[in-house]
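Enquirer: Need coordinates for the below:
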Amino acid sequence: MAVLNEEQEMLRDMAREWATNESPVTAFRKVRASGEPEAFDRDAYSAMTEMGWTGIIVPEEHRGSDFGFLSAGLVVEELGKTLTASPLIATTLAASAIMLGGNDDQKAKWLPRIVSGETIATLAVDEGPHHEPEGIEACVSDGKLSGTKAFVAEAHGADLFVVAAKDGLYLVEKGDGVSLTTRRLTDQRSHADVAFDNAAAEKLAHGGDDLLGDVLNRARVLTAAEMLGMAQIVFDTTLAYLKQRVQFNQVLSTFQALQHRMADLFADLAQMRSAVEAGLQAVDSGADAARAAIVAKAEANRVLHAISNEGIQLHGGMGMTDEYDVGLYLKRARVLEPAWGTTGYLKNRFATLGGY
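Expert: Purely as a prediction, here's the structure:
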């Protein structure tokens, strides 16, 4: 496990207490039942901004705390444990893109707004059903962007889009030339296809040729952090269920075969945590962040898939009912697994980086 400093421990504990008490899974159920396209509670997001979570990675000169991605990952992990619906990850990633590629004016304009919660932002990268940043067709001519982005997370609540075009990343404000088509996915969160039709666009021109890749590295590790929180709670919930469920006049946890299955999952979870925390630390240090981010997301895909499947299996038929939360985690898992790269894509990408 990563060695945390005192501030990081306090941040993690605060996030854990808030998520448990103020944003349990029942809060997500209310959001889901509302049917609102934004699919998050704005009051809850306001509370996050007041606690400074929207500015964790943002430099102090732009009203952030500059705690880094490991600290952001600690918060995201705790929110993942309760399926808290919010645009925090999307906005954090958009802020990182502006930090990496924006000029002084762009940073001064947008970063304080993101930190204060005045602006919600998101990434718009992929254009088809699969993650394929190499196949981007959106283009900009005379400061106007045209193209369509598929399955954009948190699009309904976003005021600002960081859009990948053929020649780089661009900032596009919601308004003229931007239209949304809602996509309903199994996790019941906000996703939309976003069409840009000669929308005013401002380029992030200072990030170099690797800007999109650097942003995607950050997207992978933060998404993996959410998946880590989900995997941990599914494991804990399933173990608690086995310890109290009686079958054949015996508590299920006394069956050796089930003990072996849980032991395997425990080992997988430890490996996942190591990979995710290493990825977050690599982004902060800049030490081979691309490979570390790929490993983090690939391990998150593998382990969460296994744990969510076992969670359903070991709960028996009850796991498939809406009454039990474990099914909600499985649905969210199936949406996050292909986000920013399936396991197959990530393995190929890792091999390419290694020169194979």
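Enquirer: where along the stretch 51-200 of the chain do the strands fall?
Expert: Taking DSSP state E, counting those that start in this stretch as the criterion, the stretch 51-200 of the chain contains strands spanning 121-124, 139-141, 144-153, 160-165, 168-173, 178-182, 191-200.
Enquirer: Most tightly packed of the ones you listed?
Expert: strand 121-124 (a mean of 28; mean count of other CB atoms under 10 Å). All C-beta atoms are positioned from the backbone trio N, CA, C, and that covers glycine.
Enquirer: Determine the set of other helices and strands touching that one.
Expert: helix 88-101, strand 144-153, strand 160-165 (3 or more CB pairs under 8 Å, 6 or more residues apart in numbering; DSSP states H and E).
Enquirer: Indicate which one of these is closest to residue 201.
Expert: strand 144-153 (3.9 Å; CB to CB).
Enquirer: would a markdown table of the helices and strands packed on strand 121-124 with mean pLDDT be doable?
Expert: Converted to a markdown table, those look like this (pLDDT from 0 to 100):
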| stretch | mean pLDDT |
| --- | --- |
| helix 88-101 | 98 |
| strand 144-153 | 98 |
| strand 160-165 | 98 |
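Enquirer: Can you lay out these as CSV showing distance to residue 210?
Expert: Shown next, in CSV, are the helices and strands packed on strand 121-124 (distance: least, CB to CB, whole Å):
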stretch, distance to residue 210
helix 88-101, 9
strand 144-153, 21
strand 160-165, 13
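Enquirer: between the ones you listed, which one is nearest to residue 128?
Expert: Here strand 144-153 is closest among those (CB to CB), at 5.8 Å.
Enquirer: Send me that closest one as PDB with only the CA atoms.
Expert: C-alpha atoms of strand 144-153 as PDB (Å, rounded to 0.1, in the frame of the first residue of the first chain):
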ATOM      1  CA  LYS A 144     -14.900  26.000 -35.500                       C
ATOM      2  CA  LEU A 145     -15.100  22.300 -34.500                       C
ATOM      3  CA  SER A 146     -17.200  19.700 -36.200                       C
ATOM      4  CA  GLY A 147     -17.600  16.000 -35.300                       C
ATOM      5  CA  THR A 148     -19.500  13.600 -33.100                       C
ATOM      6  CA  LYS A 149     -18.300  12.100 -29.800                       C
ATOM      7  CA  ALA A 150     -19.900   8.900 -28.400                       C
ATOM      8  CA  PHE A 151     -20.800   8.000 -24.900                       C
ATOM      9  CA  VAL A 152     -19.400  11.100 -23.300                       C
ATOM     10  CA  ALA A 153     -19.600  10.700 -19.500                       C
END
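Enquirer: tell me how far it is from the chain's mean position?
Expert: 19 Å (CA atoms, centre = their mean, to the nearest Å).
Enquirer: same question, stretch 310-329
Expert: Relative to its chain's centre, stretch 310-329 lies at 23 Å (CA atoms, centre = their mean).
Enquirer: and it, which residues are buried?
Expert: Neighbour counts over stretch 310-329 (16 or more other CB atoms under 10 Å) mark 310-312, 314-315, 319, 324-329 as buried.
Enquirer: contacts for it?
Expert: Stretch 310-329 has contacts (CB atoms under 8 Å, 6 or more residues apart in numbering) with 25, 28-29, 83, 187, 230, 233-235, 237-238, 241-242, 252, 258, 261, 265, 308, 330.
Enquirer: Least confident of the buried residues of stretch 310-329?
Expert: The lowest pLDDT within the buried residues of stretch 310-329 belongs to residue 319, with 82.
Enquirer: and that one, how far is that from residue 325?
Expert: Distance of residue 319 to residue 325, given as CB to CB, to the nearest Å: 10 Å.
Enquirer: separation between residue 354 and residue 291?
Expert: 8 Å.
Enquirer: filter the contacts of stretch 310-329 to the buried ones?
Expert: Applying 16+ other CB under 10 Å to the contacts of stretch 310-329 flags 25, 28, 83, 187, 230, 233-235, 237-238, 241-242, 252, 258, 261, 265, 308, 330 as buried.
Enquirer: Kindly spell out which helices and strands sit in contact with the helix ranked longest in the chain.
Expert: As assigned by DSSP state H, the longest helix anywhere in the chain is helix 211-244. Packing partners of helix 211-244 (3+ CB pairs under 8 Å, 6+ apart): helix 69-81, helix 88-101, strand 168-173, strand 250-251, helix 256-285, helix 289-315, helix 326-336.
Enquirer: Of those, which stretch is the most buried?
Expert: Most buried of these, by mean neighbour count (mean count of other CB under 10 Å): helix 69-81, with a mean of 27.
Enquirer: Does that helix pack against any helices or strands, and if so which?
Expert: Packing contacts for helix 69-81, counted by 3+ CB pairs under 8 Å, 6+ apart, involve helix 6-22, helix 88-101, helix 211-244, helix 256-285.
Enquirer: Would you mind getting the angle between the first one and helix 211-244?
Expert: Helix 6-22 and helix 211-244 are oriented at 60 degrees to each other (axes from the mean of the first three to the mean of the last three CA atoms, to 10 degrees).
Enquirer: and helix 6-22, which residues are buried?
Expert: Neighbour-count burial for helix 6-22 flags 8, 11-12, 14-16, 18-19 (criterion: 16+ other CB under 10 Å).
Enquirer: Turn those residues into JSON lines, including pLDDT and distance to residue 160.
Expert: As requested, those are exported to JSON lines (pLDDT from 0 to 100; distance: CB to CB, whole Å):
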{"residue": "8", "pLDDT": "96", "distance to residue 160": "28"}
{"residue": "11", "pLDDT": "97", "distance to residue 160": "26"}
{"residue": "12", "pLDDT": "97", "distance to residue 160": "29"}
{"residue": "14", "pLDDT": "98", "distance to residue 160": "27"}
{"residue": "15", "pLDDT": "98", "distance to residue 160": "25"}
{"residue": "16", "pLDDT": "98", "distance to residue 160": "30"}
{"residue": "18", "pLDDT": "98", "distance to residue 160": "26"}
{"residue": "19", "pLDDT": "98", "distance to residue 160": "26"}
